[in-house]
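Peer 1: Build the 3D model from these lines:
(chains A, B and C)
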Amino acid sequence: MPTFFEKKQLVIPGDLLAEGEYFAGDNTYKEKNKIFAARIGLADCTNKKINIVALKAFYFPQMGDVIIGTVKQVGFSGWTVNIKSPYIAILRASDVLSRSFKPQNDELSQVLTAGDLIVAKVASFDRYHDPQLTVGEPGLGKITRGQIMNITPTKIPRVIGRKGSMITNIKNETGCQIILGKNGVILVTGKNPKDEELAMAAINKIEEESHTSGLTDRITQFLKEEKAKIEENNNE
Amino acid sequence: MSSLLTRVKLKQIEKAIEEEKRIDQRTLSDYRIFTIEQGVIQKAEGSAKIFLGKTEVLVGIKVEKGTPYPDTPNNGVMTVNAELVPLASSKFEPGPPGEQAIELARIVDRGIRESEAIDTEKLCIVPGKQVFIVFVDIYVLNHDGNLIDASAMAAVSALMNTKMPNYEIVDDEIVIKQGYSPLPLKDHPVTVTIGKINDKLIVDPGLEEEEVMDSRISIAFTDDGRICAMQKGGSGYFTTKQVSEAMKLAQSTAETQRKKLKW
Amino acid sequence: MNEKPKKLINKKGLRLDGRKPDELRPVKLKVGILPNADGSAYIEHGKNKILAGAFGPREMHPKHLQRADRMVLRCRYHMAPFSVPERKSPAPSRRENELSKVIRDALLPSLFVENYPRTGVDLYIEVLQADGGTRCASITAASLALADAGLPMRDLIVACAAGKVDNKIALDLMDTEDKIGAADVPVAYMPNLNAVTLLQMDGKLSPKEFDEAIKMAIEGCKKIYDIQKEALKTKYKIIEQEEVEE
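Peer 2: The predicted structure is shown next:
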């Protein structure tokens, strides 16, 4: 009952990963006792279960995920929201108004209109129904300022870092609030655009330069240097 | 307006332009860096591919025999067609060319035609009967803004790269001989597009800027700096003062572009 | 210009472009070259130059094309007007429409369409230069575009043709051989499941010759499969390094 890969080896769809008493985990499939890769990613095996951490994937909604979306259309009793997934999400008017919705009194486009950004949670989703969002919790709702950036959804955990170390570091150094949407959309809100740009540069750096070891330290260093530069400019 | 941009982004672009800056760090009059590669399609008589920023346009030229128009029996024919290939943008749909593609083709056509870039008299084989037809096919492969200038530059580059079969006339019949000659060209028009966002003029608008801008004007200049074609587009307007400002800006931009292109 | 050569295979047993009967044309593949597509690939197979771009999975439009139980794959094979010696009208021909369908049918077996109900994937294939065997080269590139889009797949699909020229079975016919040769058998193949996903034939072959041709085509597929896998890995290798060293 062998496996045919080394830990964290790069695999692509169709690669044979294991034969025999194994289970097909994330991004793999089983065909006649054989486990094959179904996505590009890094293979791993724990407790006879073969998993692939995908290097490229689209966002597939899950109940409870916090995501950032863009309002697409204003409907009769709610909004459709683009959440960068194969499915368009729905936000009900009654959820936002936190009372029953009265079409004769309520003008929905005054609450949210096309192009508005929202932080929301996936309240429900299944094969037959589009994901439904809720904004009825603290920290959720319309975004009025800050900057938006997109990264591959599978890279969100790396921006968070071990036990949240990376993201805490960026927050502390830049004084920015950062919301990481599970769908790969990130909101950075700071006191001024300079702080926001700095935080975004740090996140971009994580995406681009993370092949060097000791990345957390390097990001700290990067943030300190950039901050010093900004202060120098301010003093001039 | 398309819903590609979030309202937050839209405001950021407007704010930057207000401060005479642009979101990609250019000044209002900066043109993006471009590269042109000629002869990329061997099966075409001429071809050129341009990268303008991330905008990518491929132009292929086919030269075929055909009949002249009755009113110009001594002139060859040029036709320009543009395809907004759906793999270039999620906004492009498959199907016959729509308004946007047709306008693009006609702007490029006008620049080449009105500058008399192609010496069509030399494309006449048998007057009134047989001439060469030059097909200019514009293929947009990636849309990142300012398709007009990119297509126009690639089209002229492709024409400069075009070779024609050598031939002789025997008893009113054309006989193809060995070898090729270059397509006879008399001019090399340069087209420059100026966008307008909140009363500020910008050169070479990028894709996101195009979402915000209310109007644009494209102007083509001949080798000796004369204007040979012009097109205003978009739902907004230019005041007469802005028209002359845009003209000046386009003219100076065309001069620097021409130097970079070495035309 | 278009004089037909009498012999397609010379006395030394070599073809017009110097290949042996069972030899492939050079194949070059690049993954992820279109910034606006979710996944993309470019192939140069001999003189064929083809771009493939995948968009999705995304909400299926128009809605009546949605399927409640599966993802829909839409495919458009299209040739640039300057891709062939005689300019081709940009309007889709019957041939292009048929190829769009057989290419789609060739790719579908690799996808887990049942996992993404009500969604759609659009696959656009643009032939920039054609020199025989464009449907096969298109399938090879399109499959990479789908993988690059992050779609789960059973395997990459690879395609190659074999045919009959000068009374001899030969691999991977180029344009002239295809036009004056006696038969052409394009095959698309999923190596790890030993599954043939496209099979067409035109011309005349004896059952024995057909058998030889399909075997030869599959051998060709396997060779291109290695190039295909390498191209996909090349794009993601850099990311792999990042992950491992961290």
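
Peer 1: unless I'm mixing things up, C:Met153 is touching A:Tyr29, no?
Peer 2: No - here C:Met153 lies out of contact with A:Tyr29, judged by C-beta atoms under 8 Å, at a distance of 9.3 Å. Backbone N, C-alpha and C define where each C-beta goes, glycine included.

Peer 1: quick one: contacts for C:Met190?
Peer 2: Listed by C-beta atoms under 8 Å, 6 or more residues apart in numbering or on different chains, the contact partners of C:Met190 are A:14, C:109-110, C:154-158, C:197.

Peer 1: ok, it to B:Gly111 distance?
Peer 2: 49 Å (C-beta to C-beta, to the nearest Å).

Peer 1: Also C:Leu107?
Peer 2: For C:Leu107, the distance to B:Gly111 equals 41 Å [C-beta to C-beta].

Peer 1: What of B:Leu207?
Peer 2: In terms of C-beta to C-beta, B:Leu207 sits 22 Å off from B:Gly111.

Peer 1: Which one of those two is surrounded by more residues?
Peer 2: Neighbours were counted for B:Leu207 and for B:Gly111 using other C-beta atoms under 10 Å in any protein chain shown; B:Gly111 has more, 29 against 20.

Peer 1: any idea which helix or strand carries the more buried one?
Peer 2: Assigned by DSSP states H and E, B:Gly111 belongs to helix B:99-114.

Peer 1: what helices or strands is the next helix or strand after that helix leaning on?
Peer 2: Per DSSP H and E, the first helix or strand lying C-terminal to helix B:99-114 is strand B:124-126. Judged by 3 or more C-beta pairs under 8 Å, 6 or more residues apart in numbering or on different chains; DSSP states H and E, strand B:124-126 is in contact with strand B:130-142, strand B:163-170.

Peer 1: and after the helix or strand encompassing A:Leu17, which helix or strand comes next?
Peer 2: Element membership of A:Leu17, judged by DSSP H and E, is strand A:16-19. Using DSSP H and E, the helix or strand that follows strand A:16-19 in sequence is strand A:23-24.

Peer 1: from the helices and strands packed on strand B:124-126, which stretch is densest packed?
Peer 2: strand B:130-142 (a mean of 24; mean count of other C-beta atoms under 10 Å in any protein chain shown).

Peer 1: State the next helix or strand along the chain beyond that strand.
Peer 2: The element immediately downstream of strand B:130-142 (helix or strand, assigned by DSSP H and E) is helix B:147-160.

Peer 1: C:Leu24 against C:Ala161, yeah?
Peer 2: No - between C:Leu24 and C:Ala161 no contact is recorded; they are 10.5 Å apart, counting by C-beta under 8 Å.

Peer 1: Please say which of those two ends up with more neighbours.
Peer 2: C:Ala161 (28 against 18).

Peer 1: was I right about the more buried one contacting C:Asp175?
Peer 2: No - counting by C-beta under 8 Å, C:Ala161 stays clear of C:Asp175, with 11.9 Å between them.

Peer 1: Could you name every residue contacting both of C:Leu24 and C:Ala161?
Peer 2: Residues within reach of C:Leu24 and of C:Ala161 at once, by C-beta under 8 Å, 6+ apart, are C:171-172, C:220.

Peer 1: Up against chain B, what does chain A have?
Peer 2: A:70, A:72, A:113-117, A:143, A:145-148 (C-beta under 8 Å from any C-beta of the partner chain).

Peer 1: Enumerate every residue touching the closest residue to C:Gly133 other than its chain neighbours.
Peer 2: The shortest distance from C:Gly133 to any non-neighbouring residue, by C-beta to C-beta, 6 or more residues apart in numbering or on different chains, is to C:Ala161 (5.3 Å). Going by C-beta under 8 Å, 6+ apart, C:Ala161 touches C:133, C:136, C:171-173, C:184-187, C:217, C:220.

Peer 1: now C:Ala161: how far from chain A?
Peer 2: Taking C-beta to the nearest C-beta, to the nearest Å as the measure, C:Ala161 falls 21 Å from chain A.

Peer 1: Let me know the next secondary structure element after the stretch of helix or strand that residue belongs to.
Peer 2: When elements are assigned from DSSP H and E, C:Ala161 belongs to strand C:158-165. Per DSSP H and E, the first helix or strand lying C-terminal to strand C:158-165 is strand C:168-171.

Peer 1: So what are the sheet partners of that next one and their directions?
Peer 2: strand C:158-165 (antiparallel) (DSSP bridges).

Peer 1: roughly how far out does the partner strand sit from the chain middle?
Peer 2: The chain centroid and the centroid of strand C:158-165 are separated by 11 Å under C-alpha atoms, centre = their mean, to the nearest Å.

Peer 1: Low-confidence ranges, the chain, go.
Peer 2: You didn't pick a chain, so chain A it is. Along chain A, segments meeting pLDDT under 70 span A:1, A:98, A:100-101, A:103-105, A:208-213, A:236.

Peer 1: looking at chain B here, not the other one
Peer 2: Within chain B, the segments meeting pLDDT under 70 span B:1-4.

Peer 1: where along it do the strands fall?
Peer 2: With DSSP state E, the ranges of strands along chain B come out as B:34-38, B:46-52, B:55-66, B:77-84, B:124-126, B:130-142, B:163-170, B:173-182, B:190-197, B:200-203, B:215-221, B:227-233.

Peer 1: Look up phi and psi at the residue nearest to B:Gly236 when sequence neighbours are not counted.
Peer 2: Closest residue to B:Gly236 apart from its sequence neighbours, by C-beta to C-beta, 6+ apart: B:Asp214 at 2.9 Å. Main-chain torsions, B:Asp214, degrees, to the nearest 10: phi -90, psi -20.

Peer 1: now B:Asp214: how far from C:Gly120?
Peer 2: For B:Asp214, the distance to C:Gly120 - C-beta to C-beta - is 33 Å.

Peer 1: Repeat that for B:Arg32.
Peer 2: 34 Å.

Peer 1: And A:Thr144, by the same measure?
Peer 2: A:Thr144 sits 34 Å away from C:Gly120, going by C-beta to C-beta.

Peer 1: So those two - more neighbours on which side?
Peer 2: C:Gly120 (21 against 10).

Peer 1: picking that back up, tell me the buried residues in the helix holding B:Gly111?
Peer 2: B:101, B:103-105, B:107-114 (16 or more other C-beta atoms under 10 Å in any protein chain shown).

Peer 1: JSON lines for the strands of chain B, including distance to C:Ala41?
Peer 2: Listed next are those as JSON lines, based on distance: least, C-beta to C-beta, whole Å:
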{"stretch": "strand B:34-38", "distance to C:Ala41": "20"}
{"stretch": "strand B:46-52", "distance to C:Ala41": "18"}
{"stretch": "strand B:55-66", "distance to C:Ala41": "15"}
{"stretch": "strand B:77-84", "distance to C:Ala41": "20"}
{"stretch": "strand B:124-126", "distance to C:Ala41": "42"}
{"stretch": "strand B:130-142", "distance to C:Ala41": "13"}
{"stretch": "strand B:163-170", "distance to C:Ala41": "31"}
{"stretch": "strand B:173-182", "distance to C:Ala41": "33"}
{"stretch": "strand B:190-197", "distance to C:Ala41": "32"}
{"stretch": "strand B:200-203", "distance to C:Ala41": "34"}
{"stretch": "strand B:215-221", "distance to C:Ala41": "34"}
{"stretch": "strand B:227-233", "distance to C:Ala41": "34"}
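
Peer 1: What's the local residue count around the residue of chain C found nearest chain A?
Peer 2: Nearest residue of chain C to chain A: C:Asp155, at 3.2 Å (C-beta to the nearest C-beta). Number of residues near C:Asp155 (other C-beta under 10 Å) recorded here: 26.
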